[in-house]
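S.K.: Sequence plus predicted model, see below.
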Amino acid sequence: MSTTATLPQVIPGPAKDPAIARSLGRRRSHANTIVKCLCILATVIGLLLLASILATLLWRGAAGLSASVFTQVTKPPGSNGGLLNPIVGTIIQTVLGTMIGTPIGLLVGTYLAEYGRDSALSNAVRFVSDVLLSAPSILIGLFIYELLVQPFGGFSGFAGCVALAVIVIPIVVRTTEDMLRLIPAGLREAAIGLGAPKWKVIVMICYRAALDGIATGVLLAVARIAGETAPLLFTSLGNLNWSISLARPMASLPVTIYQYAGSAFDDWVQLAWVAALLITLGVLAINIVARVALRRKA
C-alpha cells in the first residue's frame, strides 16, 4: 500500500520573492524615516519652546534681582519693595501642602495596588482620583472656600495648604499605584516565602523598588502646586504685609504674579517677572537635588 505525502502549499512571500522583499523593505524604510523625522521635529519644537520660556524669564527676571527682593516685603509702587513675604508664604504653603497630601496619596495608592486591586471600592476610589487629577484647580479652591474659609469667617494660610494638598493627593495616588504595579511578583513571593508579613514586604521591598517613581510623582506634585494661583485666591488670598500665621491671609508668589503682572507700575511688573523666575529656579533646583540624592542612594 503506497502513501503519498502531501507537501505543504508554498505561499509566495518576501522570503521567496526578492522583488516583494525589496518593495516591503523600501516601504518600511520610508515609513520609519518619516516617523523618525516627525519625532525629531516634535522634540526640537518642544525644546525650543522650553528654551524660549527660560530665556524670556532670565532676560526679564534677572534684571530685577537684587538684595531688596529677598529682604523687603511687598510695598506700594515706587517704594523699592521686595518679595520676602511671598517667598516665605510660598515655601510654607508648598511644604505643608506636600506634607499633608503625600502620605495620604501614598497610602491610597498602596491600597489600590496591593490590597484593593479590582474591587468595587478600588474602582470607585480610582475613578474619584482620576476626576480630581483632571479637575480645574479653581474648583478645588471653591470647594475649600466653602469648607474652610466661609464657615470660619475669613481667608487663611491653612486653607491654602489644604487646597494644595488636595491637588497633590491624586498625583501621588496615580504614580504610587503605577510604580507598585510594575514591581515583579517574584520579589513579593520571595519575601513572603521567607516568612515576611505583607506589610513588611510592602515597606521594605516594594517601596524601595518603587522609590524613584514615587519620588518623581511627588516632585511633579510640588512643581504643579508651586505655581498654582486659582486655589490660593479663594483660600489664602494673599497679604501685602509680613505674616507667617496660618490663621491669617498669607502671601504667595503665584498670587503676587497675578496681582503685579497686569499692573500699570513698572516696578510691580518687574517684580512679577522676578517672582516667575524664582518659582522656575526653585522647582528646577528641587528636581536636581532630589535626582542627585536618589542616584547616590542607589
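M.R.: It's in. Residues are numbered from 1 along each chain as shown.
S.K.: Tell me how far M179 lies from N32.
M.R.: Distance, M179 to N32, by C-beta to C-beta, to the nearest Å: 32 Å. Any C-beta I mention is one placed from the backbone N, CA and C, and that applies to glycine too.
S.K.: Of the two, which one has the most company?
M.R.: M179 (22 against 10; other C-beta atoms under 10 Å).
S.K.: contacting residues around the more buried one?
M.R.: Shown in contact with M179 (C-beta atoms under 8 Å, 6 or more residues apart in numbering): A210, G213, I214, G217.
S.K.: ok, now with 7 Å
M.R.: For M179, the contact set (C-beta atoms under 7 Å, 6 or more residues apart in numbering) comprises A210, G213, I214.
S.K.: which one of the residues you listed has the most neighbours?
M.R.: The residue in the contacts of M179 with the most neighbours, by other C-beta under 10 Å, is A210 (24 neighbours).
S.K.: Would you report the backbone torsion angles of that one?
M.R.: A210 adopts backbone torsions of phi -100, psi 10, taken as degrees, to the nearest 10.
S.K.: so who does it touch?
M.R.: Listed by C-beta under 7 Å, 6+ apart, the contact partners of A210 are M179, L180, I183.
S.K.: what about the second one, distance to L294?
M.R.: As defined by C-beta to C-beta, L180 lies at a distance of 17 Å from L294.
S.K.: Look at these two and report which has more neighbours.
M.R.: More crowded of L180 and L294, by other C-beta under 10 Å: L180, with 20 against 13.
S.K.: Remind me which helix or strand that one belongs to.
M.R.: For L180, the element it lies in under DSSP states H and E is helix 157-181.
S.K.: for the very next helix or strand once past that helix, what is the average pLDDT?
M.R.: Next along the chain after helix 157-181, taking DSSP H and E as the criterion, comes helix 185-193. Mean per-residue pLDDT for helix 185-193: 90.
S.K.: Run through who's touching helix 185-193.
M.R.: Contacts for helix 185-193 (C-beta under 7 Å, 6+ apart): V201, I205, A209.
S.K.: Now rank the residues you listed by neighbours and give me the top one.
M.R.: Counting neighbours by other C-beta under 10 Å, V201 leads the contacts of helix 185-193 with 19 neighbours.
S.K.: Would you state the helices of the stretch 101-250 of the chain in chain order?
M.R.: 120-134, 137-144, 157-181, 185-193, 198-201, 207-209, 211-226, 230-233 (DSSP state H, counting those that start in this stretch).
S.K.: Nearest to L57, out of the ones you listed?
M.R.: Nearest to L57 among the helices of the stretch 101-250 of the chain is helix 211-226 (14.3 Å), distances taken as C-beta to C-beta.
S.K.: Which elements pack onto the closest one?
M.R.: Packing contacts for helix 211-226, counted by 3 or more C-beta pairs under 7 Å, 6 or more residues apart in numbering; DSSP states H and E, involve helix 84-110, helix 157-181, helix 266-297.
S.K.: in this protein, which ranges drop under the pLDDT threshold?
M.R.: Low-confidence segments of the chain (pLDDT under 70): 1-16, 297-298.
S.K.: T235 and I140 touch, don't they?
M.R.: No. Taking C-beta atoms under 7 Å as the definition, T235 is not a contact partner of I140, at 9.2 Å.
S.K.: who touches both of the two?
M.R.: A163.
S.K.: Show the contacting residues for I244.
M.R.: I244 sits in contact with V88, I92, where contact means C-beta under 7 Å, 6+ apart.
S.K.: how close does it get to I91?
M.R.: Here I244 is placed at a distance of 10 Å from I91 (C-beta to C-beta).
S.K.: do G227 as well
M.R.: With distances taken as C-beta to C-beta, G227 is found 14 Å from I91.
S.K.: Between T235 and I140, point out the one with more neighbours.
M.R.: Each of T235 and I140 has its neighbours counted (other C-beta under 10 Å); T235 has more, 29 against 22.
S.K.: any idea how far the residue most central in space within the chain lies from L148?
M.R.: Geometric centre of the chain, nearest residue: L220, 2.1 Å, by C-alpha atoms, centre = their mean. In this view, L220 and L148 are 25 Å apart by C-beta to C-beta.
S.K.: right, and Y260 touches V269 too?
M.R.: Yes. Using C-beta under 7 Å, Y260 is in contact with V269, at 6.4 Å.
S.K.: Looking at those two, which one has more neighbours?
M.R.: Y260 (22 against 16).
S.K.: which ones are touching that one?
M.R.: Y260 sits next to W268, V269, L271, A272 when contact means C-beta under 7 Å, 6+ apart.
S.K.: Let's have the residues you listed in TSV, adding distance to L65.
M.R.: Output for those, formatted as TSV (distance: C-beta to C-beta, whole Å):
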residue	distance to L65
W268	16
V269	15
L271	10
A272	13
